[in-house]
Each structure stands twice: as C-alpha cells, then as structure tokens.
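1. Model the following, please.
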Amino acid sequence: MTEDQSIDHVLFQLDQIVEECLSGNNRLGYFAYVYRRTTAEIANEIKLGNFEDNKRMEKFDVIFANLYLEAYKAFKNNKPVSKSWMFAFKNADQELTIIQHVLFGMNAHINLDLAIATAQTMDDEDIEDIESDFNKVNDILFQITNELQERLSRVSPLMFLLDYLGKNTDEKIIDFSMRKARGQAWNSANLLWSLGNDNQKAINQIDDLVLKLSQLIRSPKTILTRILLKLMGFFEKKNVRAVILGLSES
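-> So this is what the prediction gives:
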C-alpha cells in the first residue's frame, strides 16, 4: 500500500479540510471534523488488530474516505458531484443548526458512499466475508454519533430538545435514524456488489433517495421539529472555529 493509499494520508487530507474551513469560517468543517474523528478511531482499531481482516479494512476505509475527499475537491473545482453531496455542500452557507450540517454529510457518506465503498472493496470477492467488519465499522459510527450528541451540547445548549423529541432513543432525530441508515447501507452495498460494474443506474437511484433524506433533514415534516430547530439554532455558537474547538475539547 502506497503512502497516498494509507489511512494516515486520509487523516492528513481531512486535517487540511478542517483547517481550510476554520480559516474560511465554513460550516463544511463540522462534518469534516466529525469524520476525521471517526476515521482516527477506525485507524486505531486497525492498528490494534481488532478487525477480522485488518489489511482489507484499511483498503476499505481509504476507498470510503476518498469518496468524500473526491466529492469535496470536485465541488471546490466546480466539477460534478452526487446530488446528495451537492445538497450538503450548497447548504453550508445556510443558517441551520450544527447538527443539521453534520447530518447532511453523514447522510451522504453513510447512505451512499458506504455502500459504494463496500461494493468496490469486495469486487471479485464474496461480500459476506466483510459483513462482520462492516458491522464493526457501523458500531464505531454509532458510538461516535452518541459521543457527538454529548459534545454538541457544549456548543448547542438546547441539544436536549432533540432527545426529548426522540424520547431519548436513537430513532427519528430530524427524520434521520442511524440504525436504519446502517442497515440500509448494507442492503445497498449488496445490491451494488451484485450488479458489478453495471451499477451506475442503481447508484443514481440510491443518490436520489439520499437526497430526499437530506431535504427532510433541512426541512422536517413536523412543525414542532422545525420550531425546535429554530430555537436550538438561536442559542448555538455561530463561529465555526468556536464550534469545532468546543467539539474537540476533552
């Protein structure tokens, strides 16, 4: 594995994006920071040898990360990107809540990119061979999500309102359920893998569905949720650097 195919190089590129967003006060830095945190955790698990196939998992994680990195670079250079990533990037200048900006990225990356990366990694292999490690990655994503909600309370004092809205469960936070997203990503990965190289139409169809989820994240169906989000946003920190520093405090 060459240097530019390593997780360390991915972390370096994510650090660059975070710094770029800090300098430009760009809200895209919220997801970049969260994803950097997630990737570092996966890298640590690989170094500890906690996956069934650690070498394959590094390959998988690099493929997965590069889908985001390539989308970010393409957007910055006015090149085409998926509909779901375009929606996330274009909404960065909208005064939405911090969690909404994070969820735009998580939605595109988990519901679309995770499926693509899994299918690509297991090309010409049995996709079931990676299911156990795939589930372990999902467990890490889920743990980071729970950690994130706790850390968000430092910069978004009314985050507890979402817990109230979801009745302290993982379900339907802004119509976005991590449990359902994780299961759907595996189903989509199996579909794309079964289609082989002839899967672009299916990718586009998944992208359309993910876009609809992002639209729900931006504008939830219920009036109560929209009101609570407005209230949350009013009391949140607005400066990107202050938010990321708040999230990163130990």
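
2. who are the neighbours in contact with residue 237?
-> 155, 156, 243, 246 (C-beta atoms under 8 Å, 6 or more residues apart in numbering). C-beta coordinates here come from the backbone N, C-alpha and C atoms, glycine included.

3. can I get the residues you listed in TSV with pLDDT?
-> TSV is the format used below for these (pLDDT from 0 to 100):
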residue	pLDDT
155	91
156	89
243	93
246	88
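
4. now, which of these sits nearest residue 232?
-> Of all the contacts of residue 237, the one sitting nearest residue 232 is residue 156; the distance, using C-beta to C-beta, is 5.9 Å.

5. Verify the contact between that closest one and residue 232 for me.
-> Yes - the pair residue 156 and residue 232 qualifies as a contact (C-beta atoms under 8 Å) at a distance of 5.9 Å.

6. Need the overlap of contacts for those two.
-> Counting by C-beta under 8 Å, 6+ apart, the residues touching both residue 156 and residue 232 are 97, 99.

7. Can you tell me the closest non-neighbouring residue to the residue nearest to the spatial centre of the chain?
-> The residue lying closest to the centre of the chain (C-alpha atoms, centre = their mean) is residue 106, at 2.4 Å. Distances taken as C-beta to C-beta, 6 or more residues apart in numbering place residue 31 nearest to residue 106, at 6.9 Å, with adjacent residues excluded.

8. Can you work out which other helices and strands pack against the helix or strand hosting that neighbour?
-> Assessed by DSSP states H and E, residue 31 sits inside helix 28-47. The contact analysis (3 or more C-beta pairs under 8 Å, 6 or more residues apart in numbering; DSSP states H and E) places helix 28-47 against helix 7-24, helix 54-76, helix 83-90, helix 98-108, helix 131-155, helix 240-248.

9. That helix - what's its average pLDDT?
-> Mean per-residue pLDDT for helix 28-47: 94.

10. and that helix with helix 98-108, angle?
-> Per axes from the mean of the first three to the mean of the last three C-alpha atoms, to 10 degrees, the angle that helix 28-47 makes with helix 98-108 is 60 degrees.

11. Just want the angle from helix 28-47 to helix 83-90.
-> 120 degrees.

12. Next, the residues that contact stretch 71-81 from outside, please.
-> By C-beta under 8 Å, 6+ apart, stretch 71-81 touches 17, 28, 32, 82, 85, 86, 89, 108.

13. so how far is the first residue of that stretch from its last?
-> This stretch, stretch 71-81, spans 6 Å end to end (C-alpha to C-alpha, to the nearest Å).

14. That concludes my questions; thank you for your assistance.
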